[in-house]
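Enquirer: Just a sequence and a predicted model for now, questions to come.
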Amino acid sequence: MPLTAFDIAMSKVWANSLVLLVGVAHSLNFVVIKLLEVPVFNDQGQCVAMVTQAHLFKALREKGNHCLVSDMIDLIPPQIEADAPLLEAWEKLRNSKLPAAAIVDANGRLSSCLTMTNLSEFIITRTALHDFSRHHGTTT
């Protein structure tokens, strides 16, 4: 049975719909998971608070569409200097019970954010590379 023009057109509609659906799902996942750990800065560029997903949803529940950023922040993220030892960074982040910490320069200005996921991925990668080099007699 040969394909008709309608069959070809419908297959394109379905394919484009699937691409859009996957794109929207990934975008929403990125926004909800990644972007809702947002640092808040003062005039000097110092990280003074962190907006988290939980605080955003709480503020929206309590105040609706009229909530302000100040309604979402009551947590000060741990400040970790960029040259701090990894163990110190891990301990500060773990003790804060926040999803992210602020990596700051010598002036206290944000240079990056660090999450437990970042630390876990680094440790897993480092361990895997160490195991590989030990088994294969190479250096990493």
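Expert: Perfect, I can see it now.
Enquirer: and Gly45, how many neighbours does it have?
Expert: For Gly45, the count of nearby residues is 12 (other Cβ atoms under 10 Å). C-beta: built from backbone N, CA, C; applies to glycine.
Enquirer: what about this protein, any weak spots by pLDDT?
Expert: Flagging of the chain using pLDDT under 70 yields the residue ranges 1, 26, 28-36, 74-75, 139-140.
Enquirer: Report the distance from stretch 99-110 to the chain centre.
Expert: If you compare the mean C-alpha spot of stretch 99-110 with that of the full chain, they lie 15 Å apart, counting by Cα atoms, centre = their mean, to the nearest Å.
Enquirer: so how far is the first residue of that stretch from its last?
Expert: For stretch 99-110, the first and last residues are 16 Å from each other (Cα to Cα, to the nearest Å).
Enquirer: could you dump the helix or strand harbouring Val48 to PDB, C-alpha only?
Expert: With elements delineated by DSSP states H and E, Val48 resides in strand 47-51, which encompasses its position. As requested, C-alpha coordinates have been extracted for strand 47-51 and formatted as PDB (Å, rounded to 0.1, in the frame of the first residue of the first chain):
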ATOM      1  CA  CYS A  47      26.000  36.600  47.500                       C
ATOM      2  CA  VAL A  48      23.600  37.400  50.400                       C
ATOM      3  CA  ALA A  49      20.900  34.800  49.900                       C
ATOM      4  CA  MET A  50      19.800  31.800  47.900                       C
ATOM      5  CA  VAL A  51      16.300  31.300  46.300                       C
END
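Enquirer: And the next helix or strand past that strand?
Expert: Toward the C-terminus, strand 47-51 is succeeded by helix 53-63 as the next helix or strand (DSSP H and E).
Enquirer: In that next one, which residues are buried?
Expert: Residues of helix 53-63 classed as buried under the neighbour-count rule (16 or more other Cβ atoms under 10 Å) are 53, 55-56, 59.
Enquirer: So which elements touch that helix?
Expert: For helix 53-63, the contact count by 3 or more Cβ pairs under 8 Å, 6 or more residues apart in numbering; DSSP states H and E identifies helix 69-72 as packing neighbours.
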